[in-house]
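*Asks:* Mind looking at a prediction? Sequence and model below.
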Amino acid sequence: MKNLSFINKIIYFINVIFAVLLLSSFILPYLPPKTFAVLAVLNLGVSFLIGINFLFVLYWLIKLKRQCFMSMIILLLGYFLYGSLYRFSSTTEVESPRNIKIMNYNVRLFDLYDWIPEDNTSDNIVAFIKQESPDIICIEEFHPRENLDFSFYKYQYKKIAGKKVKHGQSIFSKFPLINSGSLGFPNTSNNAIFADVVKGVDTFRVYNVHLESMHINTQVESLRKETSERLLKRVGTSFKMQQSQAEIILEHQKQCHYKVIICGDFNNTAFSYVYRTIKGDLNDTFDEAGHGFGRSYDFRFFPIRIDFILADKAFKINGFKNYDVHYSDHYPIMATLSLEE
């Protein structure tokens with residue numbers, strides 16, 4: 001510190017703040033939001049904190065200052081704990097007759113209120129799904145609009161609710177569904193549904209999960225009007241509800257004797273308590289075969305991944321793809337899986 005200029009001392013002080021915040025975030029997946037709601041909010045900015053600390057490392061390296069080691073050590077610790085934020089390579093998709101392609105897509109009511117500045121968004125979404133032709137697709141914020149044709153899927157399960165605007169979740173499959181149902185989250189329009197899928201001699205369960213939304217408008221002007229106290233309170237309340245919903249999912253899953261795939265919009269990141277709770281011993285298909293940041297939500301400030309496909313370890317992960325089609329505030333994701341012989 002003695003050899004630093006006054007400006008660099010200020011920069012290092014700011015560096016310390018961001019380094020401590022990032023270090024603190026590493027314990028967030030182990031802190032239940034019902035007890036630590038305010039701290040849980042920090043997990044939304046973990047990718048931002050990683051980026052900022054990386055820039056500080058570059059700055060001090062250019063200056064040839066040993067101050068680079070603080071953020072460098074914390075970033076390395078985060079890497080060994082959670083892996084890389086950016087996946088530099090992806091698994092080349094393995095073609096196999098046993099492959100199952102499963103997609104997840106929050107379609108935001110098929111653009112009911114014309115959020116997307118493009119005509120015929122709902123038709124474009126259906127055409128996109130038909131073109132990519134996943135064997136199974138889980139859809140969140142499904143709105144049963146007129147002329148919405150999913151007849152190219154023989155097997156379907158939908159759970160729709162709502163008084164003014166009917167919406168809910170759906171599972172469409174090319175394989176037979178022998179059982180299906182809804183978990184019915186209390187005091188919310190969010191939910192989780194499931195279907196038991198039969199492919200050949202194998203039966204497995206697919207969950208479509210839509211955890212509580214944080215109800216954050218990501219437009220800059222709207223965020224400026226929001227007081228930090230109100231924002232923290234609302235997000236903290238949502239995280240508490242997410243914890244309760246995750247516990248409902250786990251309790252339901254315990255009664256299932258089939259192999260499980262959990263898809264959905266978690267409205268939270270891979271650094272969160274609810275993600276860690278739901279993931280358990282399952283494999284995150286993006287971690288195993290994805291590429292890049294895995295962005296699945298249209299957040300303008302930095303890439304954020306809140307949509308997941310988690311698979312039982314009995315499944316081999318043969319591929320993963322993030323799509324860049326902008327028909328919703330979410331981007332579709334698809335994993336290619338196969339059951340081990």
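*Replies:* Yes, it's here. Computed from a predicted model, the values in this text were never measured in an experiment.
*Asks:* When you work out contacts or count neighbours from here on, use the C-alpha atoms and nothing else.
*Replies:* Fine.
*Asks:* ok, which stretches of the stretch 201-341 of the chain are strands?
*Replies:* 202-210, 259-265, 283-284, 307-311, 315-322, 333-339 (DSSP state E, counting those that start in this stretch).
*Asks:* Select, out of the ones you listed, the one closest to Phe293.
*Replies:* strand 315-322 (9.4 Å; CA to CA).
*Asks:* Just give me how far the closest one sits from the chain centre.
*Replies:* Strand 315-322 sits 16 Å away from the centroid of its parent chain (CA atoms, centre = their mean, to the nearest Å).
*Asks:* What of stretch 44-59?
*Replies:* That offset, for stretch 44-59, works out to 20 Å (CA atoms, centre = their mean).
*Asks:* Just the CA trace of that stretch, in PDB.
*Replies:* The C-alpha trace of stretch 44-59 is given here as PDB (Å, rounded to 0.1, in the frame of the first residue of the first chain):
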ATOM      1  CA  LEU A  44     -28.100 -12.500  -8.300                       C
ATOM      2  CA  GLY A  45     -24.900 -10.500  -8.800                       C
ATOM      3  CA  VAL A  46     -22.300 -13.300  -8.500                       C
ATOM      4  CA  SER A  47     -21.500 -13.300 -12.200                       C
ATOM      5  CA  PHE A  48     -21.100  -9.500 -12.100                       C
ATOM      6  CA  LEU A  49     -18.800  -9.800  -9.100                       C
ATOM      7  CA  ILE A  50     -16.700 -12.400 -10.800                       C
ATOM      8  CA  GLY A  51     -16.400 -10.100 -13.800                       C
ATOM      9  CA  ILE A  52     -15.400  -7.000 -11.700                       C
ATOM     10  CA  ASN A  53     -12.800  -9.000  -9.800                       C
ATOM     11  CA  PHE A  54     -11.400 -10.300 -13.000                       C
ATOM     12  CA  LEU A  55     -11.000  -6.700 -14.300                       C
ATOM     13  CA  PHE A  56      -9.200  -5.800 -11.000                       C
ATOM     14  CA  VAL A  57      -6.800  -8.600 -11.500                       C
ATOM     15  CA  LEU A  58      -6.000  -7.400 -15.100                       C
ATOM     16  CA  TYR A  59      -5.600  -3.800 -13.800                       C
END
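*Asks:* From the contact counts, what lies against the strand or helix carrying Val46?
*Replies:* Using DSSP states H and E, Val46 falls within helix 46-62. Contacts defined by 3 or more CA pairs under 8 Å, 6 or more residues apart in numbering; DSSP states H and E place helix 46-62 against helix 6-25, helix 68-82.
*Asks:* For the closest residue to Phe266 other than its chain neighbours, give me phi and psi.
*Replies:* Distance criterion CA to CA, 6 or more residues apart in numbering; nearest residue to Phe266, sequence neighbours excluded, is Leu211 at 4.9 Å. With angles defined as degrees, to the nearest 10, Leu211 sits at phi -70, psi 170.
*Asks:* Pull the number of nearby residues for Leu211.
*Replies:* Here the number of neighbours of Leu211 (other CA atoms under 10 Å) works out to 26.
*Asks:* Quick one: mean pLDDT for the helix or strand harbouring Phe194?
*Replies:* Using DSSP H and E, Phe194 maps to strand 191-199. What strand 191-199 shows for mean pLDDT is 97.
*Asks:* Stretch 55-74 now?
*Replies:* Across stretch 55-74, the per-residue pLDDT values average to 94.
*Asks:* List the buried residues for that stretch?
*Replies:* When neighbours are counted by 16 or more other CA atoms under 10 Å, the buried residues of stretch 55-74 are found to be 56-57, 60, 67-68, 70-72, 74.
*Asks:* hmm, back to that, helices or strands up against the strand holding Phe194?
*Replies:* strand 167-173, strand 177-182, strand 202-210.
*Asks:* Show residues contacting it.
*Replies:* For strand 191-199, the external contacting residues (CA atoms under 8 Å, 6 or more residues apart in numbering) are 157, 159, 168-171, 175-185, 203-211, 249.
*Asks:* Domain map for this structure?
*Replies:* 6-82, 99-339 (automatic domain parsing).
*Asks:* quick one: the shortest one to chain centroid distance?
*Replies:* Spelled out, that is domain 6-82. Counting by CA atoms, centre = their mean, domain 6-82 comes out at 22 Å from the chain centroid.
*Asks:* helix/strand/coil for Arg145?
*Replies:* coil (DSSP: H, G, I helix; E, B strand; the rest coil).
*Asks:* any idea how far Ile139 is from it?
*Replies:* 14 Å (CA to CA, to the nearest Å).
*Asks:* just Ala314 next, same as before
*Replies:* The gap separating Ala314 from Ile139 is 24 Å, by CA to CA.
*Asks:* One more: Asn190?
*Replies:* Noted for Asn190: a distance of 13 Å to Ile139, by CA to CA.
*Asks:* Pretty sure Asp135 sits against Arg98.
*Replies:* No. Using CA atoms under 8 Å, Asp135 is not in contact with Arg98, being 11.5 Å away.
*Asks:* what touches both of these two?
*Replies:* Common neighbours of Asp135 and Arg98 (CA under 8 Å, 6+ apart) do not exist.
*Asks:* Neighbour count for Arg145 and Ile139, which is higher?
*Replies:* Ile139 (27 against 13).
*Asks:* Show me how far the strand or helix carrying the more buried one is from its chain's centre.
*Replies:* Element membership for Ile139, per DSSP H and E: strand 136-142. Centre-to-centre, strand 136-142 and its host chain are 14 Å apart (CA atoms, centre = their mean).
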